[in-house]
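[1] Show me how the following folds:
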Amino acid sequence: MASITAGRVERLPATNIGERLGHIVSRVLVYGILIVWTFICLFPIYWTLTTSFKAAPDVMQGHLVPFLDFTPDWKGWRSLGLSPDTIFQVSTVRAEFLERFYNSLIASIGASILAVLLGALAGYGLARFPYRFGPMRNNDIGFFFISQLILPPVVLAMPFLVLYKELALLDSLPGLILVYTLMVLPIVIWIMRDQFMTIPIELEEAALVDGLGIWGTFMRIVLPLALPGMVAALILALVLCWNEYFFAALLTGASAKTLPVMVASQTGSQGISWWSMAAIATAAILPLILVGVLLERYIIRGLTAGAVK
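    Here you go, the predicted model:
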């Protein structure tokens, strides 16, 4: 292999050619894998979105490409009263959808904020102060919290039903917020503990020397530095709460049902209304996409700061 430089013919070493070829091949493989993985991740969203615009025959025949395989129709959105020709008309289904959307919004945001507040306090304590509970130390206590995620939710069905009945929390948003908080609190504690451990303790010692107390140091020094991790934990908790189905179906009735329960209820005497289910699922996905777009920089900073490993 030769190249001409300033009138001279130079031969490139074979090793350089091999390295460049290997680099090109590796990049092609990496980008090829990323493209395939992106397709796998986005295809369910694409299928859900297109299904909301299909008629029954198109759903059953598996048509995928709009305007080629099928002609888009507002059937799914019309069944919710959200199509252009029904949006300004009175619709009981749309009223129910908006109520379920409101319930999901209140329960998810309330539980996520409460979990982050409690998780920040617990995570800071585990990161900065030594604890002992029998033979367990800080690392053991932290592992105990995260190990609660292994417990199947169905195991807690009967205890929660009995407890919520005694406390009059069945079919109520406060009851749903409390159970959602308990559900996501272990992962939030783990994330916040990891986040606080990345903050140099010398900053807190300097603040204490300057006259700030423990709470002043925590509120004015530590929390601003831990904000990216808190936002990352909040988003993760919000996603988990928004998509939760088991406890929402178990502990709610007519008043506090959420969107996942409404999605699963799109069945009738003639089978499953795939178009309606897809329309509700699409509407449920949009808020999470909006949150991800608006808070992307906090997510990235939280991940790079060690908030999630």
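
[2] can you pull the contacts of D171?
    251-256 (Cβ atoms under 8 Å, 6 or more residues apart in numbering). C-beta: built from backbone N, CA, C; applies to glycine.

[3] Switch these over to CSV; also include pLDDT and distance to S265.
    Formatted as CSV, those follow (pLDDT from 0 to 100; distance: Cβ to Cβ, whole Å):
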residue, pLDDT, distance to S265
L251, 90, 16
T252, 89, 12
G253, 84, 12
A254, 82, 12
S255, 86, 15
A256, 88, 14
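
[4] Are any of the residues you listed buried, and if so which?
    251-252, 256 (16 or more other Cβ atoms under 10 Å).

[5] just for the stretch 51-200 of the chain, where's the confidence low?
    Along the stretch 51-200 of the chain, no part satisfies pLDDT under 70.

[6] Could you pick out which of the contacts of D171 are located in helices?
    Secondary structure from DSSP state H places L251 of the contacts of D171 in helices.

[7] Show me the two of the contacts of D171 that sit farthest apart.
    With distances taken as Cβ to Cβ, the most widely separated pair in these is L251 and A254, at 12.6 Å.

[8] Which residues belonging to the host helix or strand of Y164 are considered buried?
    Element membership for Y164 (DSSP states H and E) is helix 157-167. Neighbour counts using 16+ other Cβ under 10 Å place 160, 164 of helix 157-167 among the buried residues.

[9] Go ahead and name everything in contact with it.
    Contacts for helix 157-167 (Cβ under 8 Å, 6+ apart): 169-170, 175, 179, 247, 250-251.

[10] looking at those residues, which has the most residues close by?
    Neighbour tally across the contacts of helix 157-167 (other Cβ atoms under 10 Å): the maximum, 24 neighbours, falls on V179.

[11] In contact with the closest residue to it other than its chain neighbours, which residues?
    Excluding its sequence neighbours, the residue lying closest to V179 (Cβ to Cβ, 6 or more residues apart in numbering) is F247, at 5.0 Å. Neighbouring residues of F247 by Cβ under 8 Å, 6+ apart: 153, 160, 176, 179-180, 183.

[12] residue ranges with poor pLDDT in the stretch 201-309 of the chain?
    Using pLDDT under 70, the stretch 201-309 of the chain drops low at 268-270, 298-309.

[13] thinking again about what came up before, please settle this for me: is the residue nearest to V179 part of a strand?
    No: assigned with DSSP: H, G, I helix; E, B strand; the rest coil, F247 falls outside any strand and is helix.

[14] Centre of the chain to stretch 29-37, how far?
    24 Å (Cα atoms, centre = their mean, to the nearest Å).

[15] That one: which residues count as buried?
    So stretch 29-37, judged by 16+ other Cβ under 10 Å, has zero buried residues.

[16] can you tell me the helix or strand for the most centrally placed residue in the chain?
    Nearest residue to the geometric centre of the chain (Cα atoms, centre = their mean): V239, 2.9 Å. Per DSSP H and E, V239 falls inside helix 227-243.
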